[in-house]
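# Just the structure for this:
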Amino acid sequence: MENKQGEEVAEKQDHQPGVEAEMDPQPEYIKPNYKAAGKLQGKIALITGGDSGIGRSVAVHYAKEGADVAIVYLEEDEDANETKALVEAAGKKCLLIKGDVKNRDFCKSAVEQTAKELGGLNILVNNAGMQMPQKEFKDITEEQLEITFKTNIFAYFHFATAALDYLQEGDVIINTTSVTAYRSSPNLIDYSSTKGAITTFTRSLATNLVKKNIRVNAVAPGPVWTPLIVSTFDEEKIKEFGNETAMKRAGQPSELGPAYVFLASDDSSFITGQVLHINGGEVVNG
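I've put the predicted structure just below:
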């Protein structure tokens, strides 16, 4: 697949987490030749940041595999409604839950609403995230630090805590970490710190919950063409985005979704506390 965001694509959006409907080119959320096999038939999934990008890809793949889906999003109604339409086109239910994951009470209520309206919860996908690049370390303010940590890791704790009231034996938690947890990211120090925290959170929670037969794993994307990119980086970075990978391109959300299917399904029944690296060929340790 070619890197489609070439010279002509350099338009930055002015707010996070960005709007997929305004992106050109549009991200690919599922490959046209994807063949579902009913791997998640009858399951109920809650996906944070599920309106666009990787979250949309996960939602559509899960629906194709037979799961009803709840998606948590901040304020991007157009993207959320499009994702809902895609899930419903696959014949499954889609519950939209709008709110701020930095709020612990909202996280708890989102889980409760999912369980009540969809009839339970089997799969929690902690995926919502944000980043604010800073070239100078001293420019990371206390406010930015607090926002980044509350969004990227505190919310994962809050959702997982609430989900444990509903998850049963055989159910799963999947966290989105990042390649930045494994290699230097000099302009995203606070962001990469939260991603490192997510990785260790995944490993430790997995061993804590193994006695309940609840599996916890993570996916570590490399550069992926999502709204977060066009809402955080400058035009030059957007134009070159993904060129640092061995494949010399950014990934598409459609190349991430199947990994979340694998980790949610019985195909990965002997896997817990692990991270899948989908990054275009970057060599990482761990």
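
# Pick out the residue nearest the middle of the chain.
residue 127 (3.0 Å; CA atoms, centre = their mean).

# all helices for the stretch 151-286 of the chain, in order.
For the stretch 151-286 of the chain, the helices defined by DSSP state H, counting those that start in this stretch occupy 155-163, 189-209, 227-230, 235-240, 257-264.

# Name the surrounding residues that touch the last one.
Same thing as helix 257-264. The list of residues contacting helix 257-264 from outside it, by CB atoms under 8 Å, 6 or more residues apart in numbering, reads 29-30, 34, 39-40, 43, 45, 54, 57-58, 60-62, 65, 67, 123, 125, 172, 174, 215, 217, 219, 268, 271, 276, 278. Where you see a C-beta, it was placed from the backbone N, CA and C, and this is true even at glycine.

# Just the buried residues of these.
Among those, those classed as buried by 16 or more other CB atoms under 10 Å are 29-30, 39-40, 43, 45, 54, 57-58, 60-62, 65, 67, 123, 125, 172, 174, 215, 217, 219, 268, 276, 278.

# Reformat the helices of the stretch 151-286 of the chain into TSV and put mean neighbour count and distance to residue 99 next to each item.
Shown next, in TSV, are those (neighbours: other CB atoms under 10 Å; distance: least, CB to CB, whole Å):
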stretch	mean neighbour count	distance to residue 99
helix 155-163	22	11
helix 189-209	19	20
helix 227-230	23	18
helix 235-240	14	29
helix 257-264	23	22
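
# Dump the ones you listed to a markdown table, plus distance to residue 147 and mean pLDDT.
Output for the helices of the stretch 151-286 of the chain, formatted as a markdown table (distance: least, CB to CB, whole Å; pLDDT from 0 to 100):
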| stretch | distance to residue 147 | mean pLDDT |
| --- | --- | --- |
| helix 155-163 | 11 | 98 |
| helix 189-209 | 9 | 98 |
| helix 227-230 | 14 | 72 |
| helix 235-240 | 21 | 75 |
| helix 257-264 | 26 | 98 |
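
# Please convert the ones you listed to JSON lines, extending it with distance to residue 182.
Listed next are those as JSON lines, based on distance: least, CB to CB, whole Å:
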{"stretch": "helix 155-163", "distance to residue 182": "18"}
{"stretch": "helix 189-209", "distance to residue 182": "8"}
{"stretch": "helix 227-230", "distance to residue 182": "19"}
{"stretch": "helix 235-240", "distance to residue 182": "20"}
{"stretch": "helix 257-264", "distance to residue 182": "16"}
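
# tell me, how many neighbours does residue 141 end up with?
As a burial measure, residue 141 scores 12 neighbours (other CB atoms under 10 Å).

# what's near enough to touch it?
With contacts defined as CB under 8 Å, 6+ apart, residue 141 has no neighbours.

# pLDDT score for it?
Residue 141 is assigned 98 on the pLDDT scale.

# go on, the one 5 residues further on?
Reading off the per-residue confidence, residue 146 sits at a pLDDT of 98.
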